[in-house]
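1. could you work out the structure for the sequence below:
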Amino acid sequence: MTEFFAGIEQLALARWLKGSFIAYPIVNALHIMSIGALLTSVMLMDLRICGAFRSLPQAAFVALLRHIALVAFAGALVTGSLLFSVKASTYAAMPVFLAKMALILLAGMNFLAFTRLRRATGGDAPARGTTLAVLSMLLWTSVLFAGRFIGFL
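-> Numbering: from 1, shown residues only. Modelled structure (predicted):
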């Protein structure tokens, strides 16, 4: 497996990012922007599901924020993969990185459970929806903290 991650680090794109004075900071900034947009949209969506912002129609508000969250997640996925490629061997061996990946997986499963619940109930499952929304906020906040710890270990 070590050879696999070392191979990732030797890809032309990874070597270019390592050697470029400008590219890596730009990709890093885009990653931070994507994470900011993702967490902001998720938090606002989940807060609305929990009963905040009652003056805004829930269905339309949640649909808009879900779209923003998915686009932001795609941006974070692409930029995060690029950042990973520069030190794939190092990151793959870090427990906090693996925890971050597990938390993202759990947050994704929570999102799928929420989507399935809304479809099954026609969007009317307040107690379970609120529980999933609170779990979503906890998971995505944990992803953020795990990601920040990566830079300091």
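2. where is the longest helix in the chain?
-> helix 58-86 (DSSP state H).
3. quick one: mean pLDDT for that helix?
-> In this model, helix 58-86 has an average pLDDT of 95.
4. on the three-state scheme, the spatially most distant residue from the centre of the chain is what?
-> Residue farthest from the centre of the chain, counting by CA atoms, centre = their mean, is Ser55 at 27.9 Å. Assigned by DSSP: H, G, I helix; E, B strand; the rest coil, the conformation of Ser55 is coil.
5. what about it, distance to Ala133?
-> From Ser55 across to Ala133, the span is 18 Å (CB to CB, to the nearest Å). Placement of C-beta: from N, CA and C, glycine included.
6. phi first, then psi, for the residue farthest from the centre of the chain.
-> phi -70, psi -10 (degrees, to the nearest 10).
7. quick one: pLDDT of it?
-> 94.
8. can you show me the helices along this structure?
-> Under DSSP H, the chain gives helices at 2-9, 12-19, 23-49, 58-86, 88-92, 95-121, 126-150.
9. turn those into a markdown table, columns for mean neighbour count.
-> Output for those, formatted as a markdown table (neighbours: other CB atoms under 10 Å):
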| stretch | mean neighbour count |
| --- | --- |
| helix 2-9 | 13 |
| helix 12-19 | 13 |
| helix 23-49 | 18 |
| helix 58-86 | 17 |
| helix 88-92 | 17 |
| helix 95-121 | 15 |
| helix 126-150 | 17 |
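10. nearest residue to the residue most central in space within the chain in space, please, no chain neighbours.
-> When CA atoms, centre = their mean is applied to the chain, the residue found nearest the centroid is Phe73 (5.3 Å). Distance criterion CB to CB, 6 or more residues apart in numbering; nearest residue to Phe73, sequence neighbours excluded, is Leu38 at 5.4 Å.
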